[in-house]
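Trainee: Have a look; sequence and predicted model below, questions after that.
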Amino acid sequence: MSTTAPPYRARPSAPLHAIQRRRTLVLGALLAALAAAVLLSVTIGAKSVPLGDTWQALTAPTGTENDIVIRTLRVPRTALGVIAGIALGVAGALMQGHTRNPLADPGLLGVTQGAAFAMVAAIMVFGVSSLYVYIWFGLAGALIASVGVFALGMAGGRGGPTPVTLALAGAAVSAFLYALTSAIVLLDERAMDTFRFWQAGSIAGRGSPIVWQVLPFVAAGLILALANAPGLNALSLGEDVARGLGQNVTRTRAVGIVAITLLTGAAVAACGAVAFIGLMVPHLARPLSGPDHRWLLPYAGLIGAALMLAGDVLGRVLAWPGELEVGVVLALAGAPFFVALVRRRKPVRL
């Protein structure tokens, strides 16, 4: 009688199929949550519009007052909220991945303060008064600030910028630009009024032209972000391991920084300094997606969009018939989250 044990047959594909199926189901659930948030954003407001009238305004408008409210006010506002939420969520995941810092947010590169300085400078120096015009100055300021941070991060190093040098350079540039912005708004009352409203963070009062202005920048940023995901997975193992796997670390970081700049610059130029989305969303997405950035980035984008719209709707409900700015609502919700994140016994390691 033979005592030879039967050969062990491993089935490595079964767990992989289960993981892929779970991730697909989670992706579908996030899409459904975003669809629900879009519906609430289009339906709820200072003027009560029945659901049937909302559907008619979207599919077969007849020029009624409800049609005008839905199509010219709420639809562009909702579209901008989706675009900005996706941009900030993905940018936050990229920033935390590249810096390997769970407390990093997209503003670390000086993008937010760069946009703010350029916008108030345009108002004071060039007399710009239209939102549709100074948004371009905000985009330009965000891009220039990020280039400056990247250049400072590369100074003194042969291997390109590191997470530490980028963080230090971003903090220095942000502080310098904030000081310049404060000086301008103290000298110009009109710039102060605009900056005060922009600083609060809002998607209200933005028409469809702004949506079309920022959409190409966000689309380009998302393409670069998805292309950056495999390299970011390699970088998460350490720079030496990434180089051993054939990754060009400097190029990977440069692509990621360009993506973060485009996404964050477009979002903050259009909506203002909406706080905490870039910080919170990656921590909400990571338990669902795992460490793989190919899934983490889409999850973060969908959660960011849903959170942006949910905060905007909540601001309308809490202060009805007026409203709270979405930046204020998210700051009130994000501050306790930030405190809890700092006080965790086992912070997330990236």
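Mentor: The structure has been received and is ready for your questions. Numbering: from 1, shown residues only.
Trainee: In the stretch 151-300 of the chain, where is pLDDT below threshold?
Mentor: For the stretch 151-300 of the chain, the stretches with pLDDT under 70 are 156-160.
Trainee: how about the strands in the stretch 101-250 of the chain?
Mentor: Using DSSP state E, counting those that start in this stretch, no strands are found in the stretch 101-250 of the chain.
Trainee: And the pLDDT for Ile135?
Mentor: Looking at Ile135, its pLDDT reads 83.
Trainee: next one: Ser13
Mentor: So Ser13 comes in at 47 (pLDDT).
Trainee: Start from the N-terminal end of this structure and give the helices.
Mentor: 13-43, 51-59, 65-68, 75-99, 111-126, 131-154, 163-187, 189-200, 208-235, 239-244, 249-271, 277-289, 293-318, 326-343 (DSSP state H).
Trainee: Out of the ones you listed, which is closest to Asp105?
Mentor: Among the helices of the chain, the nearest to Asp105 by CB to CB is helix 277-289 (4.1 Å). Bear in mind the C-beta positions are built from the backbone N, C-alpha and C, glycine included.
Trainee: is it true that Pro76 touches Ser208?
Mentor: Yes: shown here, Pro76 and Ser208 form a contact pair, counting by CB atoms under 8 Å, at 4.3 Å.
Trainee: Nearest the geometric middle of this protein, what residue?
Mentor: Nearest to the geometric centre of the chain sits Leu88, at 0.2 Å (CA atoms, centre = their mean).
Trainee: out of everything not next to it in sequence, what's closest to it?
Mentor: Spatially, and ignoring its direct neighbours in sequence, Leu88 is nearest to Ile277 (4.3 Å; CB to CB, 6 or more residues apart in numbering).
Trainee: can you tell me which residues contact the one you found?
Mentor: Gly85, Leu88, Gly89, Gly92, Gly304, Leu307, Met308, Leu330, Gly334 (CB atoms under 8 Å, 6 or more residues apart in numbering).
Trainee: Quick check: it vs Gly231, distance?
Mentor: With the distance defined as CB to CB, to the nearest Å, Ile277 ends up 24 Å from Gly231.
Trainee: what's the answer for Gly45, then?
Mentor: From Gly45 to Gly231 the distance is 43 Å (CB to CB).
Trainee: With Val147 instead?
Mentor: 20 Å.
Trainee: who's more crowded, those two?
Mentor: Neighbour count, other CB atoms under 10 Å: between Val147 and Gly231, Gly231 has more, with 22 against 16.
Trainee: The more buried one reaches Ala242, doesn't it?
Mentor: Yes: assessed by CB under 8 Å, Gly231 is found in contact with Ala242 at 7.4 Å.
Trainee: Could you name every residue contacting both of the two?
Mentor: Counting by CB under 8 Å, 6+ apart, the contacts common to Gly231 and Ala242 are Thr252.
Trainee: Between Pro76 and Ser208, point out the one with more neighbours.
Mentor: The residue with more neighbours, out of Pro76 and Ser208, is Pro76; 19 against 14, by other CB under 10 Å.
Trainee: Could you check the pLDDT of that one?
Mentor: 92.
Trainee: who's in contact with it?
Mentor: Here Pro76 is in contact with Arg206, Gly207, Ser208, Ile210, Val211 (CB under 8 Å, 6+ apart).
Trainee: Could you rerun that using 6 Å?
Mentor: Going by CB atoms under 6 Å, 6 or more residues apart in numbering, Pro76 touches Gly207, Ser208, Val211.
Trainee: Test my guess that the last one contacts Leu80.
Mentor: Yes: in this structure, Val211 sits in contact with Leu80. The criterion is CB atoms under 6 Å, and the distance is 5.2 Å.
Trainee: These two: which has the busier surroundings?
Mentor: Counted by other CB under 10 Å, Val211 and Leu80 do not tie: Leu80 has more neighbours, with 25 against 20.
Trainee: List the residues that contact the more buried one.
Mentor: Applying CB under 6 Å, 6+ apart, the residues contacting Leu80 are Ile203, Arg206, Val211.
Trainee: if I look at it, how far off is Arg100?
Mentor: For Leu80, the distance to Arg100 - CB to CB - is 31 Å.
Trainee: And Ala33, by the same measure?
Mentor: Per CB to CB, Ala33 is found 29 Å from Arg100.
Trainee: Between the two, tell me which one has more neighbours.
Mentor: A direct count of neighbours by other CB under 10 Å for Ala33 and Arg100 places Ala33 higher, at 17 against 14.
Trainee: Look up the closest residue to that one, ignoring the ones flanking it.
Mentor: Ala306 (5.0 Å).
Trainee: now do Arg294
Mentor: That would be Ala229: by CB to CB, 6+ apart, it lies 4.6 Å from Arg294.
Trainee: what's around that neighbour, how many residues?
Mentor: Per other CB under 10 Å, the neighbour tally for Ala229 reads 19.
Trainee: Cheers, nothing more for now.
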